[in-house]
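>>> need coordinates for the following:
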Amino acid sequence: MSTYRTYETSSASSAWFRVFRPRPEARVRLVCFPHAGGAASAFRTWTELLPPTVELVAVQYPGRQDRFHEPALEDMDVLVDRLSFAAAHRLRGPVAFFGHSLGATVAYEVARRLAGRQPEVVRLFASARSAPSVDRRHDLTFPDDDALLDYIRALGGTGAGVLEDRELQELALPTLRSDFRLVAGYRSVAGEQLTCPITAIAGDADASFTLADAEQWRRHTSGTFSSVELSGGHFYIEDVPEDLVRVLVGELGVAAAV
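Numbering: from 1, shown residues only. Predicted coordinates for the structure are as follows:
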């Protein structure tokens, strides 16, 4: 597998990660990758739910919140290369990756880039996103903004409600367009499997990603695989965060009650 390319200085790599509560003595760092249109702040409340043995690190993509002045990236290879470089300079293992929707694909590809390098990725949590071997590019290509917004409304979640505000919609649309171009242009390249365990997670009311779909992630690791179904739709992470964090902590095997 090819190494990542250097796009930025190591000092600039800090822009990619947000640590809301530093835990320097943590046994593992949980690195969370947001969905399309999402931002690092989506994971802020998890800090209160995680035990002291886990430090939460949230990924901040360009083009949103405090990186709004930067252009959003529309090429998966570029995004993954930059994130991998930043992770190698800023993160210390062991780390676990959690990715929701688009974030699951990004997390998987970054884990592939880091294979055999530091930080050590000890588990991948793939949430509400088809496995890389399943080509859904046609389903996620939209002829216009109305079709894109209809798709987002169907998925539900807090973001769908926010987009009903015309001013917020105009602010969010450029980033959403870029993120879905990123998804539509992604095609997994055959290569070595991950060696870390994968846990795929689905909401029981999410028609876009079921437990049957979750099983497809099994083929992407030579390590162990498990799948979990939680209550809720595509954005079950908003509905049952306590249940989700309990699953993550349990799968990681880190002691402390949630």
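>>> drop to CA atoms for contacts and neighbour counts, all remaining ones
Fine.
>>> would you mind identifying the next helix or strand past the longest helix seen in the chain?
Under DSSP state H, the helix in the chain containing the largest number of residues is helix 166-184. Downstream of helix 166-184, the next assigned helix or strand under DSSP states H and E is strand 198-203.
>>> helices or strands up against that next one?
strand 121-127, helix 211-214, strand 225-230 (3 or more C-alpha pairs under 8 Å, 6 or more residues apart in numbering; DSSP states H and E).
>>> out of those, which is the most enclosed?
Stretch with highest mean neighbour count among these: strand 121-127 (a mean of 25; mean count of other C-alpha atoms under 10 Å).
>>> pull up the pairing partners for that strand, direction included.
According to DSSP bridges, strand 121-127 has the following sheet partners: strand 95-100 (parallel), strand 198-203 (parallel).
>>> show me where the stretch 1-150 of the chain has its helices.
Listed in chain order, the helices of the stretch 1-150 of the chain (DSSP state H, counting those that start in this stretch) span 46-49, 76-90, 102-114, 145-155.
>>> and those helices, which is most packed in?
Of the helices of the stretch 1-150 of the chain, helix 102-114 is the most buried (mean count of other C-alpha under 10 Å), at a mean of 24.
>>> contacts for that helix, please.
1-4, 32-36, 76, 80-81, 83-84, 88, 97-99, 120-121, 124-129, 131-132, 183, 193-194 (C-alpha atoms under 8 Å, 6 or more residues apart in numbering).
>>> before we move on, the earlier item: list the buried residues for the longest helix of the chain?
Of all the residues in helix 166-184, those buried under the rule 16 or more other C-alpha atoms under 10 Å are 169, 172-184.
>>> for stretch 32-41, same thing?
Buried-residue list, stretch 32-41, by 16+ other C-alpha under 10 Å: 32-40.
>>> average pLDDT for that stretch?
In this model, stretch 32-41 has a mean pLDDT of 95.
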